[in-house]
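Colleague: curious how this folds, go ahead:
(one chain, ligands or ions: 2)
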Amino acid sequence: MLPAQFMNQLEIKELYVSIGENEIIRGLSLAVPRGEVHAIMGPNGSGKSTLAKVLAGHPDYTVTGGEVLIDGQDIRELEPDERARKGLFMAFQYPSEIPGVTIANFLRAAVQARLPEGEDLEATDYYARLYEKMDLLEIPRAFTSRSVNEGFSGGEKKRCEILQMAMLDPSYAVLDETDSGLDIDALKIVSHGVNSLRGPNLGILLITHYQRLLNYITPDYVHVMVKGQIVRSGGKELALELEEKGYDWVRDHAVEPAAA
Ligand code: ADP
Ligand code: MG
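Modeller: Ligands and ions are numbered 1, 2, ... in the order given. As a prediction, this is how the structure comes out:
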């Protein structure tokens with residue numbers, strides 16, 4: 001039995017990740033307990049999306065060292081769907097289109113897939129839950145009869161993603177929100193969603209290039225990632241300091257790969 005403080009968190013310990021010959025993540029450690037919002041910021045190419053993909057279990061990335069634990073259990077050998085069953089939710093920058101499948105049916109299949117074998121999702125229970133979450137997130141009812149991501153604006157894709165997150169009720173959510181494609185509409189949808197869903201049972205890892213998302217979501221902690229390492233951690237004021245001083249200020253503190 002692990003001590004209680006290690007149970008309710010997503011923990012990354014001394015993680016090393018390579019793509020082919022290139023080491024992208026170099027000894028990164030981070031713990032996101034349920035109930036907290038942690039933001040990772042960093043310049044382009046620092047490995048933020050790589051970290052998100054590794055957490056999701058993407059096959060292109062090789063973990064060469066370290067551990068990733070959900071509630072004390074190492075998930076490195078688990079398939080992406082098994083990670084999801086452990087309570088991990090991933091939101092990506094470029095969600096797929098699924099023509100001909102409505103959001104309502106897609107979410108229903110997703111929620112059903114998460115149930116224990118042999119257990120069925122009652123339609124009435126499902127719709128009650130769907131409408132409850134849509135009301136919480138202020139999503140119009142007509143939205144769920146559209147095909148998943150087909151012809152969606154950036155904001156609508158985000159709305160779909162956030163609704164998916166609400167319906168799956170994860171213990172840990174990792175959101176990779178970047179630079180491009182986040183117009184003000186999308187930004188507000190993401191932040192409203194995150195703020196509505198944040199609570200004691202959910203740990204959120206919010207990855208972002210720009211500080212402006214953090215004008216709408218107040219993180220409990222901010223971590224700055226440079227060249228595959230966390231070079232600085234602090235409270236929400238760290239994001240403001242970065243905005244003011246720029247990434248050069250922290251880049252100077254990063255260790256060159258050769259010297260690591
Ligand atoms: P960030 O999200 O912080 O901008 P990324 O994780 O996307 O950074 O990229 C980190 C580094 O890894 C970059 O140098 C990028 O070129 C490299 N990289 C990312 N994905 C791949 C890939 N599939 N193949 C080769 N190199 C990659
Ligand atoms: Mg990225």
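
Colleague: so which residues of the protein form strands?
Modeller: Ranges of strands in the chain, per DSSP state E, are 9-19, 22-33, 37-41, 62-70, 73-74, 88-91, 98-102, 147-148, 172-177, 203-208, 221-226, 229-234.

Colleague: wait, does the third one contact ligand 1?
Modeller: No - in this structure, strand 37-41 remains apart from ligand 1 according to Cβ under 6 Å from any ligand atom; the gap is never smaller than 8.8 Å. C-beta: built from backbone N, CA, C; applies to glycine.

Colleague: in its sheet, what does that strand sit against?
Modeller: When pairing is defined by DSSP bridges, strand 37-41 lines up against strand 203-208 (parallel), strand 221-226 (parallel).

Colleague: how far out from the middle of the chain is that strand?
Modeller: 10 Å (Cα atoms, centre = their mean, to the nearest Å).

Colleague: equivalent analysis for stretch 117-127, please.
Modeller: In terms of Cα atoms, centre = their mean, the centre of stretch 117-127 is set 26 Å apart from its chain centre.

Colleague: now swap in stretch 28-41 and tell me
Modeller: Computed by Cα atoms, centre = their mean, the chain-centroid distance of stretch 28-41 equals 10 Å.

Colleague: any buried residues in that stretch, and which?
Modeller: Using 16 or more other Cβ atoms under 10 Å as the test for burial, stretch 28-41 gives 28, 30, 31, 32, 33, 34, 36, 37, 38, 39, 40, 41.

Colleague: how about the strands of the chain in a markdown table, adding distance to ligand 2?
Modeller: Converted to a markdown table, the strands of the chain look like this (distance: least, Cβ to the ion, whole Å):
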| stretch | distance to ligand 2 |
| --- | --- |
| strand 9-19 | 13 |
| strand 22-33 | 11 |
| strand 37-41 | 10 |
| strand 62-70 | 18 |
| strand 73-74 | 25 |
| strand 88-91 | 13 |
| strand 98-102 | 23 |
| strand 147-148 | 23 |
| strand 172-177 | 6 |
| strand 203-208 | 7 |
| strand 221-226 | 10 |
| strand 229-234 | 16 |
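
Colleague: which parts of stretch 241-255 are buried?
Modeller: For stretch 241-255, the neighbour count (16+ other Cβ under 10 Å) marks 241, 242, 247, 250, 254 as buried.

Colleague: typed the wrong thing, it's stretch 221-238
Modeller: Buried residues in stretch 221-238, defined by neighbour count with 16+ other Cβ under 10 Å: 221-232, 238.

Colleague: ok, which of the strands of the chain comes nearest residue 115?
Modeller: Among the strands of the chain, the nearest to residue 115 by Cβ to Cβ is strand 88-91 (15.9 Å).

Colleague: remind me what that closest one packs against, helices and strands.
Modeller: helix 48-56, helix 154-168, strand 172-177 (3 or more Cβ pairs under 8 Å, 6 or more residues apart in numbering; DSSP states H and E).

Colleague: which of those is buried the deepest?
Modeller: Among these, ranked by average contacts under mean count of other Cβ atoms under 10 Å, first place goes to strand 172-177 (a mean of 24).

Colleague: which residue is the nearest non-sequential neighbour of the residue of the stretch 1-150 of the chain found nearest ligand 2?
Modeller: The nearest approach of the stretch 1-150 of the chain to ligand 2 comes at residue 49, 3.1 Å away (Cβ to the ion). Nearest residue to residue 49, sequence neighbours excluded (Cβ to Cβ, 6 or more residues apart in numbering): residue 176, at 5.5 Å.

Colleague: and residue 170, by the same measure?
Modeller: Nearest residue to residue 170, sequence neighbours excluded (Cβ to Cβ, 6+ apart): residue 89, at 3.6 Å.
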